[in-house]
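Colleague: Fold the following for me, if possible:
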Amino acid sequence: MAVFHFPGCQQEGEDDFVLLTHVDGDLSVFNRALPLPEVIHFYLFFLLALLKFSISSLDTFEIIVPNNPVVGVAGKSLILPCRISPTLSAVDMEITWSRNSELIYGYSSGAEKFDDQYWKGRVGLFTDELQNGNVSLRLQDVRVSDLGSYTCNSRFSSFHNILELRFGEEPRLFLDSPPGNEIKLKCESQGWFPKPVLRWGTLMGQDLTTRADTTENEDKVSLVGVSSTLWVTERDRHGVICVIQHSETKSSIQCGCISLTVVMLYVVSHVTLDPDTAHPHLVVSADGRRVRDQHKDQNVPDTPLRFDTWCFVLGRESFTSGQHYWEVDVKDKTDWYLGVISESAQRKTRVSLKPWSGYWIVRLNSDELTALTDPETPLRLRAIPQKVGVYLDCDEGRLSFYNVEDRWHIYTFNGGVTGKLYPLFEPGMEGEELKILQPGDKTNHSDQHKEVV
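Modeller: Here you go, the predicted model:
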């Protein structure tokens, strides 16, 4: 509670005029003997004092944006981070975003403003986050013409920072090798501006860039694509990496981290299905190479090894060390699960299929391919895989998936894939067979890799 005392305004024999206010802003007036103009004068004086205090307190807030440039991918969406610190609701504030000093978006008490139709429908705030002081800008369908410096500002603060927009697509790597002791790796990435820098190296720190053949191309909208090939041998088997960086910022496309880890496919493992682990709906062929979903329970014993909720079946073979590779025919299938499971993972009930529960899985559902990470990772496809190669490096704790047809890398679980591991399969609901391809199959592309019997 605050008390303001104004002497000298009262008539003879009267008390001073007093204003009493509580912290919630309610005013109580004592001694109403003063003329109305004087009362109004004191009210205005008091309100101006409060307003001055409020504006002064807002000066302690600032707009916070990251120090590093934001990297954008052409045709995709991105977020330009910006928040008010300390946290203050921005619902009733006036927020503006500008590019190269030109206003592109304005927000004021729930109303949006666009000075240029070029930005309308492509930029906006996260209205649900305004109450938390989050005034980040969402930019959709990123274009080369969006390149520039972006400023986030509030009329209550002069603090702002510059956000640089750059372009670049996650590098993708696939095998492109004929039979032999050497393997040809190809690393590609599109949609870069400015021209990127591509480097090859090993996980041990050796630079392999001078051994590579790298070419560049520019599309009709001035975005640069880069393609590089590298021949590797067994001496490089501990792992090769392909990194693509912005030539100016030296930052990679994904949080400054290596975007893709390359693994060598040298060992083709003999994998067969274990019917004792199969969900009752699944029928496993006598040779242990095919499985399909019958959509009804089979007359099979319930054992601790058998799945009773997820329609999975495991391989007979387990792996604890070394490198192992197998291929699966999923031709014309619209849904499936492939991966590995830890021996200690729960098989009963509807367990969460995440790495922390001992499951490392990639799933196809209709046309959507997803890595079951936490949270899940949607995967981009050049084509729906018809044959999937699975590479397990127990020594490095990595699990990678490839499209066998075009040697295209699908996804890699990096690190933590450890323990006694079993191959995992789920044939999907459409009734078509899922088939494990073995060395010697005419449809198997593994003859390009060295076999170990």
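Colleague: for V197, which residues make a bridge with it?
Modeller: Under the criterion DSSP bridges, V197 forms beta bridges with Q245.
Colleague: quick one: S400 and Y411, what's the gap?
Modeller: To Y411, S400 is 7 Å away according to Cβ to Cβ, to the nearest Å. For the C-beta atoms, the positions are set from N, CA and C on the backbone; glycine is no exception.
Colleague: oh, I was asking about N132
Modeller: Counting by Cβ to Cβ - N132 and Y411 are separated by 33 Å.
Colleague: between those two, which one's more packed in?
Modeller: Between N132 and Y411, Y411 has the larger neighbour count (other Cβ atoms under 10 Å), namely 18 against 15.
Colleague: excluding its backbone neighbours, what's nearest that one?
Modeller: In this structure, Y411 finds its nearest non-sequential neighbour in A371, 4.6 Å apart by Cβ to Cβ, 6 or more residues apart in numbering.
Colleague: what mean pLDDT does the helix or strand harbouring S98 have?
Modeller: Here S98 sits within strand 94-99, counting by DSSP states H and E. For strand 94-99, mean pLDDT is 88.
Colleague: Same question for stretch 219-231.
Modeller: Taken as a whole, stretch 219-231 has a mean pLDDT of 82.
Colleague: next one: stretch 393-407
Modeller: Averaged over stretch 393-407, pLDDT sits at 82.
Colleague: List the buried residues of it.
Modeller: By 16 or more other Cβ atoms under 10 Å, the buried positions in stretch 393-407 come out as D393, C394, E396, R398, L399, S400, F401, Y402, N403, V404, R407.
Colleague: show me the contacts for the second one.
Modeller: Contact criterion Cβ atoms under 8 Å, 6 or more residues apart in numbering gives F319, T320, S321, G322, Q323, H324, V417, T418, L421 as the residues in contact with C394.
Colleague: if we can go back for a sec, could you provide the buried residues of stretch 393-407 in JSON lines, with additional columns for distance to S366?
Modeller: Listed next are the buried residues of stretch 393-407 as JSON lines, based on distance: Cβ to Cβ, whole Å:
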{"residue": "D393", "distance to S366": "30"}
{"residue": "C394", "distance to S366": "32"}
{"residue": "E396", "distance to S366": "33"}
{"residue": "R398", "distance to S366": "28"}
{"residue": "L399", "distance to S366": "24"}
{"residue": "S400", "distance to S366": "23"}
{"residue": "F401", "distance to S366": "18"}
{"residue": "Y402", "distance to S366": "21"}
{"residue": "N403", "distance to S366": "17"}
{"residue": "V404", "distance to S366": "21"}
{"residue": "R407", "distance to S366": "24"}
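Colleague: how far away is N153 from D128?
Modeller: To D128, N153 is 22 Å away according to Cβ to Cβ.
Colleague: More neighbours: which of those two?
Modeller: More crowded of N153 and D128, by other Cβ under 10 Å: N153, with 19 against 8.
Colleague: so the more buried one bridges to which residues?
Modeller: Taking DSSP bridges, one finds T96 as the beta-bridge partners of N153.
Colleague: Pull up the distance across stretch 287-303, start to finish.
Modeller: End-to-end distance of stretch 287-303 (Cα to Cα, to the nearest Å): 21 Å.
Colleague: Same question for stretch 96-112.
Modeller: With Cα to Cα applied, stretch 96-112 spans 10 Å between its terminal residues.
Colleague: Touching it from outside, list them.
Modeller: With contacts defined as Cβ under 8 Å, 6+ apart, stretch 96-112 is touched by 80, 91-95, 113-116, 119, 123-125, 135, 137, 146, 148-154.
Colleague: Verify the contact between R306 and P275 for me.
Modeller: No: under the criterion of Cβ atoms under 8 Å, R306 makes no contact with P275, lying 9.3 Å away.
Colleague: what's the overlap in contacts for the two?
Modeller: Shared contacts of R306 and P275 (Cβ under 8 Å, 6+ apart): V300.
Colleague: Confirm that G428 sits in a helix.
Modeller: No: using DSSP: H, G, I helix; E, B strand; the rest coil, the assignment for G428 is coil, not a helix.
Colleague: and it, how many neighbours?
Modeller: Neighbour count of G428, defined by other Cβ under 10 Å: 20.
Colleague: cool, the one 10 residues further on as well?
Modeller: Residues near Q438, counting by other Cβ under 10 Å, number 17.
Colleague: so how far is R289 from it?
Modeller: Distance of Q438 to R289, computed by Cβ to Cβ: 7 Å.
Colleague: What's the mean pLDDT across the helix or strand hosting Y422?
Modeller: Y422 belongs to strand 421-426 when assigned by DSSP H and E. In this model, strand 421-426 has a mean pLDDT of 98.
Colleague: Remind me what that strand packs against, helices and strands.
Modeller: On a contact count with 3 or more Cβ pairs under 8 Å, 6 or more residues apart in numbering; DSSP states H and E, strand 421-426 meets strand 313-315, strand 335-342, strand 434-437.
Colleague: doesn't K120 make contact with F114?
Modeller: Yes: in this structure, F114 is within contact of K120 by Cβ under 8 Å, at 4.4 Å.
Colleague: Quick check, the residue nearest to Y411 in contact with N414.
Modeller: No: with contact defined as Cβ under 8 Å, A371 does not reach N414; the gap is 11.2 Å.
Colleague: When those two are compared, which one has more neighbours?
Modeller: Each of A371 and N414 has its neighbours counted (other Cβ under 10 Å); A371 has more, 20 against 15.
Colleague: ok, now how distant is the more buried one from T412?
Modeller: From A371 across to T412, the span is 9 Å (Cβ to Cβ).
Colleague: Check G389 too.
Modeller: Separation of G389 from T412 (Cβ to Cβ): 12 Å.
Colleague: Please apply the same query to G322.
Modeller: Distance, G322 to T412, using Cβ to Cβ: 17 Å.
Colleague: Which helix or strand lies directly C-terminal to the helix or strand bottoming out on mean pLDDT in the chain?
Modeller: The least trusted helix or strand in the chain, going by mean pLDDT, DSSP states H and E, turns out to be strand 260-262, with a mean of 34. Scanning forward in sequence from strand 260-262 by DSSP H and E, the next helix or strand is strand 273-274.
Colleague: Beta-bridge partners for T377, please?
Modeller: A371.
Colleague: Make 56 the starting number, not 1.
Modeller: Okay, residue one is now 56; in that scheme the one you just asked about reads as T432.
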